[in-house]
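**Q** sharing a model prediction with you, sequence too.
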Amino acid sequence: MSQPHKPLPAWADVILIPLINIALAFLVSGIIIYLIGEDPVKAMEILVRGAFGDSEVIGYTLYYATNFIFTGLAVAIAFHAMLFNIGGEGQAYIGGLGVALVLLMFDHVLPFWLLLPLAIAAAMLFGAAWAAIPAYLQAYRGSHIVITTIMFNFIASNLMVYLLVNVFIVPGSMSPESRVFDENAWLPTMQSLLGHLGITVESSPLNLSFLIALIAAVIIWLYIWHTRWGYALRTVGASEPAAEYAGIDSKKVIMITMLISGALAGMAGINEVMGVQHKLLLDFVAGYGFTGIAVALMGRNHPVGIVLASILFGALYQGGAELAFDMPTVSREMVTTIQGLIILFSGALTYMNRPWLEKLFGMFATQDNTQKGGA
């Protein structure tokens, strides 16, 4: 007689299943690398060393992870209300525009301690504003949020091209980008922050926005699971008719949730525009909005999982670049394939391993009960 399937413990569902999925993705990736004539063990060693080998590459890994935390949180909070926000790319783009406008206007006038909160507010406001119209169309007109947010990505891209070519471009320059901000408006790097504490690290793009991203993750955790607004959000996600029956205004919840989601995505502009580029330029989002979807899926839409998944994808970005450099046979496209396999196993095949794990845990539970009964 087959063992009955028992519900998995929470730790197995949140930690064990993702780890198994990641291991399977790397196993398949190793087979592919072996088939093209390279040593998969050596490739993995290069990838890990390229992502965590010294303070410089760790800085690059966490720099990439910062953007993924913001966009992953944006996807996650919307998903808890059963809203699939695909517009993180455009919202991050427009959020960066808001940051640039504040800094271009006030970088020579205001001190840094005033510029930073103004830039954060602008990033959130512009990102939220870009999510507001798709949110309204979903809540009050029945338009599908996936379609409208995808369309707004293209609108944001074309809007930024127009603005950078015709408005913000430096006179006489051939490059579509704004002037460089005054150094007073640059986010401090993690190298300088740690230097004040007597800790020496190598130079990298990692900056204060990483700490801001971690704070955002804590705030979103508190909001979703420890406030009445978060309860309303999760209720709408579980069943909109039931939420309406309970007296929750689902349309208002959809609007608020999407505004918060857009604001979080817009925060990626703080890292890129204020922290790294120090100017507004084309394509600074570099696909971070779309990667945030995979990060949220892998992190089970929980802030802790999203932070860990962001670090993993940051490692793949940084370590993958080192791997493509040290092993020319393993091209950048091959690294993208590895990322795709992780997304496949952690997203589309998330619950592939659940049945046999439930059976395994059920067998152990049965043995424990038998031993206790015998005792």
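**A** Here it is on my side, so go on. All values reported here derive from a predicted model rather than from experimental measurement.

**Q** Y63: which element?
**A** Per DSSP states H and E, Y63 falls inside helix 55-79.

**Q** pull the distance from that helix to the chain's centre.
**A** How far helix 55-79 lies from its chain's middle: 5 Å, per CA atoms, centre = their mean, to the nearest Å.

**Q** check G30 and give its pLDDT.
**A** According to the prediction, G30 has pLDDT 89.

**Q** for it, which three-state class applies?
**A** For G30, the assignment made with DSSP: H, G, I helix; E, B strand; the rest coil gives helix.

**Q** I'd say it and M44 touch.
**A** Yes: counting by CB atoms under 8 Å, G30 does reach M44; the two are 7.0 Å apart. No exception for glycine: its C-beta is placed from N, CA and C like everyone else's.

**Q** and the host helix or strand of L104 with helix 55-79, angle?
**A** L104 belongs to helix 88-106 when elements are defined using DSSP H and E. Orientation of helix 88-106 against helix 55-79 (axes from the mean of the first three to the mean of the last three CA atoms, to 10 degrees) gives an angle of 110 degrees.

**Q** beyond helix 88-106, next helix or strand please.
**A** Following helix 88-106 toward the C-terminus (DSSP H and E): helix 112-141.

**Q** name the next helix or strand following that next one along the chain.
**A** Taking DSSP H and E, what comes next after helix 112-141 is helix 145-166.

**Q** which positions within the helix or strand that that next one is followed by qualify as buried?
**A** Sequence-wise, the next helix or strand downstream of helix 145-166 (DSSP H and E) is helix 190-196. Within helix 190-196, the residues that count as buried by 16 or more other CB atoms under 10 Å are 190-191, 193.

**Q** one more: stretch 117-137?
**A** 118-120, 122-131, 133-137.

**Q** just the buried residues of helix 190-196 now: which is nearest V170?
**A** Q191 (28.4 Å; CB to CB).

**Q** quick check, pLDDT for the closest one.
**A** Value for Q191, per-residue pLDDT: 93.

**Q** related to what we said a few turns ago, who does the helix holding Y63 touch, helix- and strand-wise?
**A** Counting contacts by 3 or more CB pairs under 8 Å, 6 or more residues apart in numbering; DSSP states H and E, helix 55-79 packs against helix 40-52, helix 88-106, helix 190-196, helix 209-226, helix 250-266, helix 268-269, helix 288-298, helix 303-326.

**Q** comparing the ones you listed, which comes out most buried?
**A** Among those, helix 268-269 has the highest mean neighbour count (mean count of other CB atoms under 10 Å), at a mean of 34.

**Q** pull the distance from that helix to the chain's centre.
**A** With CA atoms, centre = their mean, you get 11 Å for helix 268-269.

**Q** now swap in stretch 32-50 and tell me
**A** 26 Å.

**Q** from start to finish, how long is that stretch in a straight line?
**A** 20 Å (CA to CA, to the nearest Å).

**Q** residues in contact with that stretch?
**A** 26, 29-31, 57, 315-316, 318-323, 326-327, 329-330, 334, 337 (CB atoms under 8 Å, 6 or more residues apart in numbering).

**Q** repeat for stretch 323-335
**A** 32-33, 36-38, 42-43, 46-47, 50, 316, 320-321.

**Q** in stretch 23-37, what counts as buried?
**A** Buried, per 16+ other CB under 10 Å, within stretch 23-37: 24-26, 28-30, 33.

**Q** now the residues you listed in a markdown table, please, with extra columns for distance to F290.
**A** Compiled in a markdown table, these are given as follows (distance: CB to CB, whole Å):
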| residue | distance to F290 |
| --- | --- |
| L24 | 23 |
| A25 | 18 |
| F26 | 22 |
| V28 | 22 |
| S29 | 20 |
| G30 | 26 |
| I33 | 25 |
